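Q: whatever this is, show me its structure:
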Amino acid sequence: MKRVLVGIMALSLLTNCGKTSIESTIKKDDKITNLREYDYYKINKAPKKRVVIGKVKNYSRFGTARTDLVTKDILISEFSNTGRFTVLERGDLDTVMEELAFSDSLGQASLLARQKFLDTDFVVVGSVTKYALNTTGNKSLFSKSKEQRAEVVIELKVIDVASGKVWTETGEGSSSVEFSTILGAGTYGSYTSLENEAFRAAVVQAVEKIVKKLDSMGWSANVVKKTGDTLIINSGMESDLAIGTELEVYKVGAPIEYRGEILGYDEKLVGSGVVTDYIGENASKIKYEGENFTVPAVVKIKK
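A: Predicted coordinates for the structure are as follows:
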């Protein structure tokens, strides 16, 4: 009788095995949907800000050149998907950052090197401070299950090119997949998809924090050239700066310092202007009215 019962149980398990039971559930702390569906044009009507994505380095024990590249690609993608930024390419950024002796404050002397980024508003560099891979599982006579989990913490350091001020935002992400098998049928998958989900979740959380902070900061562009009543600024079609936009023009003066930190620059309102035409994709002509001035100067949206 026992042999019959054992045979029936084995037959049942073999039958189920033909259907291969695989359960897979990805759990991640992920705000991608909220970020991508955020209505940029209703909340923030300012033109796009210009951002350069710099080096992303994985300092965890599982860090590799591949994970550095994956993280940077995700970072570029997420900044683009917000609808708020023009993401610029700078092949020599790493070299320039070394020249700046990058720290929590660039310092007034080092700010001279910012001329290389005059058409950039912000520079973002990243550090992966945690990347953990874990596997847990259960095993019985006829089945076994395994959970694979990836956890990521990333720090994004943001440099305001105009002032040299620096701040850091942190994002955390995790992703887990559970696989179950019966009598060896099934699969356990790989860490590749897990790590991509975890890195993306961490990047999205950090980028969302950066977006909220930058939304509270006003838009501006640099006056590149002044000829009579015509100004050329370094913002245009690609930044969604509309023809007819009314602007205020400010002469930029000496830096404002406090305890060795540059808080900003003296600005004097000298006149106003309106966008009349584009020059390529990243510059515009402004019809100007006001006092005579010399660069450096900036324009801001007229209130």
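
Q: check for me that R61 belongs to a strand.
A: No: looking at R61 with DSSP: H, G, I helix; E, B strand; the rest coil, it is coil, so not inside a strand.

Q: quick check: closest non-adjacent residue to it.
A: Y131 (7.9 Å; CB to CB, 6 or more residues apart in numbering). Any C-beta I mention is one placed from the backbone N, CA and C, and that applies to glycine too.

Q: per-residue pLDDT, that neighbour?
A: Y131 is assigned 85 on the pLDDT scale.

Q: i'd like the first residue to be 223 from this point on
A: Okay, using 223 as the starting number, the last item reads as Y353.

Q: quickly find the element holding V433.
A: If you go by DSSP states H and E, V433 is part of helix 413-437.

Q: I meant to write V345 there.
A: V345 is part of strand 344-361, with elements assigned from DSSP H and E.

Q: report the mean per-residue pLDDT for the helix or strand following that strand.
A: Following strand 344-361 in sequence order, the next helix or strand is strand 365-382 (DSSP H and E). For strand 365-382, mean pLDDT rounds to 81.

Q: could you list every helix and strand in contact with strand 365-382?
A: Under the contact definition 3 or more CB pairs under 8 Å, 6 or more residues apart in numbering; DSSP states H and E, strand 365-382 sits against strand 344-361, strand 388-404, helix 413-437.

Q: list the buried residues in the helix or strand that contains V496.
A: Secondary structure assigned from DSSP H and E places V496 in strand 483-501. Using 16 or more other CB atoms under 10 Å as the test for burial, strand 483-501 gives E483, I484, Y487, E489, G493, S494, G495, V497, Y500.

Q: so the nearest residue to S396 once chain neighbours are set aside bridges to which residues?
A: Excluding its sequence neighbours, the residue lying closest to S396 (CB to CB, 6+ apart) is E373, at 4.6 Å. On the basis of DSSP bridges, E373 is bridged to A354, S396.

Q: go on, G495?
A: L469, Y510.

Q: which ones are touching it?
A: L453, E468, L469, V471, I508, K509, Y510, E511, G512, V521 (CB atoms under 8 Å, 6 or more residues apart in numbering).

Q: so how far is K522 from it?
A: Remark: distance between G495 and K522 (CB to CB, to the nearest Å) = 11 Å.

Q: one step back: put the buried members of the contacts of G495 into a ChimeraX selection.
A: Command for ChimeraX, covering only those of those found buried under the criterion 16+ other CB under 10 Å:
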select :453,469,471,508,510,521
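
Q: V399: which of the contacts of G495 is nearest?
A: V521 (50.7 Å; CB to CB).

Q: before we move on, back to that, what would the contacts of G495 look like in CSV with pLDDT and distance to K447?
A: Rendered in CSV, the data for the contacts of G495 read as follows (pLDDT from 0 to 100; distance: CB to CB, whole Å):
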residue, pLDDT, distance to K447
L453, 97, 7
E468, 96, 20
L469, 97, 15
V471, 97, 13
I508, 97, 10
K509, 98, 14
Y510, 98, 11
E511, 97, 17
G512, 97, 16
V521, 96, 13
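
Q: list just the nearest of the contacts of G495 to L378.
A: Closest approach to L378 among the contacts of G495 (CB to CB): V521, at 28.0 Å.

Q: show me what the helix or strand hosting the closest one is packed against.
A: Using DSSP H and E, V521 maps to strand 519-523. The contact analysis (3+ CB pairs under 8 Å, 6+ apart) places strand 519-523 against strand 442-449, strand 468-480, strand 483-501.

Q: remind me which residues of the stretch 223-372 of the chain are low pLDDT?
A: Counting by pLDDT under 70, the stretch 223-372 of the chain has low-confidence residues at 223-267, 285, 311-341, 358-367.
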